[in-house]
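**Student:** take this sequence and fold it.
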Amino acid sequence: MSKYWDNPENINENNLNSATPIESEGYKKPTSLLSALSVIQRYYVIEQNSVEDLPEDYFTFEQIVDFVKVGFKNGFIESLLFITLLPFFQTIYPSFKFYFLGETLTSIEKFVLEFISFLPMIISTLFLIYLAKYYKGSVTKRAIFSLFFGRSIAFLLKSVLAFFLLKYLYEISYIYPEKVYGVLDFFKFIFGFFLPYDINLDVIYQYYYKFIAPAIKQTSREMLITMVFFALLPFITIFLKGLMLKAKKTKALQEYEKY
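**Tutor:** Numbers count the residues shown, from 1 in each chain. Predicted coordinates:
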């Protein structure tokens, strides 16, 4: 029997309520990664101070849904930033600067643009590495897995959607060039805003087919591969964490048997 139940003095009634899986004073639906982390930390402390793991059902189906939602929302925003930043900083800005201003990127600019493009991924990866340290105990594992699952679903959906959208844009560009011409005419003022001289629409049209259109196909593939990788990254993280814990237990058992 765990100390959680055998020793009532070890935890008071308020603390017990704070760990209750039902919707009460203790459990509040997480609305962000930080609030989800707080719940995970609470369960981690309870399980660390228990001789036996809490049953998996202690983390209810309602809570699973809550954590999946938080993970999905975070993954949706994160993937949206990536889809927006990557094409702009890796394709549009460098080609725009070269074609219209006659300048190439410096080494510092390339590094900064690369860093900004993957910044949401870098932040998320650091968070996952930090969160993996709590991957112990059946309830805590279930909470973390639910959070990761929601995020991964958002990434996979966004990656597939972005891939087919860019593929469609690529095909439309060569099948219906007159439509591209009309769209570029609508955005002509944006180009003029960033240039020190008046720009001709035909020049923008040539720029699109010389730099942007050929890059769309490659960008769609790179985006799909990158986002699928980062969708699986949370599970890779906890899998490696599990292997490390198993290796430590095996080593400890071997050392114990020696004595």
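**Student:** my read is residue 126 is in a strand, agree?
**Tutor:** No - note on residue 126: no strand contains this position according to DSSP: H, G, I helix; E, B strand; the rest coil, which reports helix.
**Student:** contacting residues for it?
**Tutor:** Neighbouring residues of residue 126 by C-beta atoms under 8 Å, 6 or more residues apart in numbering: there are none. All C-beta atoms are positioned from the backbone trio N, CA, C, and that covers glycine.
**Student:** which residue is nearest the middle of this structure?
**Tutor:** Centroid-nearest residue in the chain: residue 75, 4.5 Å away (criterion: C-alpha atoms, centre = their mean).
**Student:** measure it to residue 242 for me?
**Tutor:** 22 Å (C-beta to C-beta, to the nearest Å).
**Student:** low pLDDT regions in this protein?
**Tutor:** 1-27, 51, 53, 259 (pLDDT under 70).
**Student:** so in it, which helix runs the longest?
**Tutor:** The helix that spans the most residues within the chain, counting by DSSP state H, is helix 213-258.
**Student:** who are the packing partners of that one?
**Tutor:** Where contact means 3 or more C-beta pairs under 8 Å, 6 or more residues apart in numbering; DSSP states H and E, helix 213-258 is packed against helix 61-87, helix 119-131, helix 138-175.
**Student:** relative to residue 46, which of the ones you listed is closest?
**Tutor:** helix 138-175 (7.8 Å; C-beta to C-beta).
**Student:** helices or strands up against the closest one?
**Tutor:** Using 3+ C-beta pairs under 8 Å, 6+ apart, helix 138-175 sits against helix 33-48, helix 61-87, helix 119-131, helix 177-186, helix 213-258.
**Student:** in the first one, what counts as buried?
**Tutor:** Yep, that's helix 33-48 we're talking about. Under the neighbour-count criterion of 16 or more other C-beta atoms under 10 Å, helix 33-48 has 33, 36-37, 39-40, 42-44, 46-47 buried.
**Student:** now the helices and strands packed on helix 213-258 in a markdown table, with distance to residue 249?
**Tutor:** Rendered in a markdown table, the data for those read as follows (distance: least, C-beta to C-beta, whole Å):
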| stretch | distance to residue 249 |
| --- | --- |
| helix 61-87 | 27 |
| helix 119-131 | 21 |
| helix 138-175 | 15 |
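**Student:** quick one: which of those is nearest residue 195?
**Tutor:** Nearest of those to residue 195, taken as C-beta to C-beta: helix 61-87 at 19.9 Å.
**Student:** which SSE is immediately downstream of the closest one?
**Tutor:** Reading on from helix 61-87 to the C-terminus, the next helix or strand found by DSSP states H and E is helix 93-101.
**Student:** output the helix or strand just after that following helix as PDB, nothing but the C-alphas.
**Tutor:** Downstream of helix 93-101, the first helix or strand assigned by DSSP H and E is helix 107-117. Extracted C-alpha coordinates of helix 107-117, given in PDB (Å, rounded to 0.1, in the frame of the first residue of the first chain):
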ATOM      1  CA  SER A 107      26.700  34.900 -43.400                       C
ATOM      2  CA  ILE A 108      25.200  36.600 -40.400                       C
ATOM      3  CA  GLU A 109      21.900  37.200 -42.200                       C
ATOM      4  CA  LYS A 110      21.700  33.600 -43.300                       C
ATOM      5  CA  PHE A 111      22.300  32.400 -39.700                       C
ATOM      6  CA  VAL A 112      19.700  34.800 -38.300                       C
ATOM      7  CA  LEU A 113      17.100  33.900 -40.800                       C
ATOM      8  CA  GLU A 114      17.700  30.200 -40.300                       C
ATOM      9  CA  PHE A 115      17.400  30.700 -36.500                       C
ATOM     10  CA  ILE A 116      14.200  32.700 -36.700                       C
ATOM     11  CA  SER A 117      12.600  30.200 -39.100                       C
END
